[in-house]
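Participant: Predicted model and sequence below, questions to follow.
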Amino acid sequence: MPDPTATKPVDKSIARGVLAEAHDDYIILAIPDSDYRIKLLINEPVTTPLSHRIAGAIHGQARRIDLIKSGGLFVEPIEGRPRRVQGRIVATDISNGTVTINAGPPIVLRTYKGQSPADFQVGQLVTTGVEPGSTFSPVI
């Protein structure tokens with residue numbers, strides 16, 4: 001019999017924040033305990049009320065992903081669409097061609113042409129540019 005007090009593993013690809021703004025085609029996701037206000041495209045209307053917590057996956061297209069030896073976790077710019085992310089790889093998905101980077105909020109990025117998730121290992125520190133068009137998919 002399973003232990004009823006056991007907790008589910010945390011999904012490392014889910015970003016948690018507050019819905020700061022909602023528009024027809026994008027939202028502004030405010031990340032708690034930071035100044036981040038990330039603009040993300042949406043494929044369907046978000047039903048979460050403004051100023052309430054929201055969770056979902058941030059997806060984007062990486063430019064070339066580079067390994068680095070030191071540095072912090074960040075998304076640039078602090079306000080607007082993600083243009084550059086730096087952080088630790090927390091997951092790779094070869095079948096979907098993605099790496100998940102903890103850059104403050106986790107961001108799932110499709111790898112750049114000529115690169116594969118198999119080129120990277122969980123725990124590596126990386127930096128990359130991000131193409132325009134990052135999206136947010138809420139989880140329910």
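Facilitator: Received, thanks. Numbering: from 1, shown residues only.

Participant: contacting residues for the residue nearest the centre of the chain?
Facilitator: For the chain, the residue nearest the mean C-alpha position is residue 107 (1.8 Å; Cα atoms, centre = their mean). Counting by Cβ atoms under 8 Å, 6 or more residues apart in numbering, residue 107 touches 15, 58, 59, 60, 75, 82, 85, 87, 100, 101, 130, 134. Backbone N, C-alpha and C define where each C-beta goes, glycine included.

Participant: which one of the residues you listed has the most neighbours?
Facilitator: residue 101 (33 neighbours; other Cβ atoms under 10 Å).

Participant: Kindly indicate whether it is helix, strand or coil.
Facilitator: strand (DSSP: H, G, I helix; E, B strand; the rest coil).

Participant: The residue nearest to the residue nearest to the centre of the chain when sequence neighbours are not counted: what secondary structure?
Facilitator: Nearest residue to residue 107 in three dimensions, chain neighbours excluded: residue 58, at 4.7 Å (Cβ to Cβ, 6 or more residues apart in numbering). Under three-state DSSP, residue 58 falls in the strand class.

Participant: In this model residue 104 seems to touch residue 58, though I could be wrong.
Facilitator: No. Applying Cβ atoms under 8 Å, one finds residue 58 not in contact with residue 104, separated by 10.7 Å.

Participant: Low-confidence ranges, the chain, go.
Facilitator: Within the chain, the segments meeting pLDDT under 70 span 1-9, 140.

Participant: so where do the strands sit in it?
Facilitator: Secondary structure of the chain by DSSP state E: the strands cover 14-22, 26-30, 37-41, 53-67, 74-76, 79-80, 84-93, 98-102, 106-110, 125-130, 135-138.

Participant: Which strands or helices does the fourth one pack on?
Facilitator: This points to strand 53-67. strand 14-22, strand 98-102, strand 106-110, strand 125-130, strand 135-138 (3 or more Cβ pairs under 8 Å, 6 or more residues apart in numbering; DSSP states H and E).
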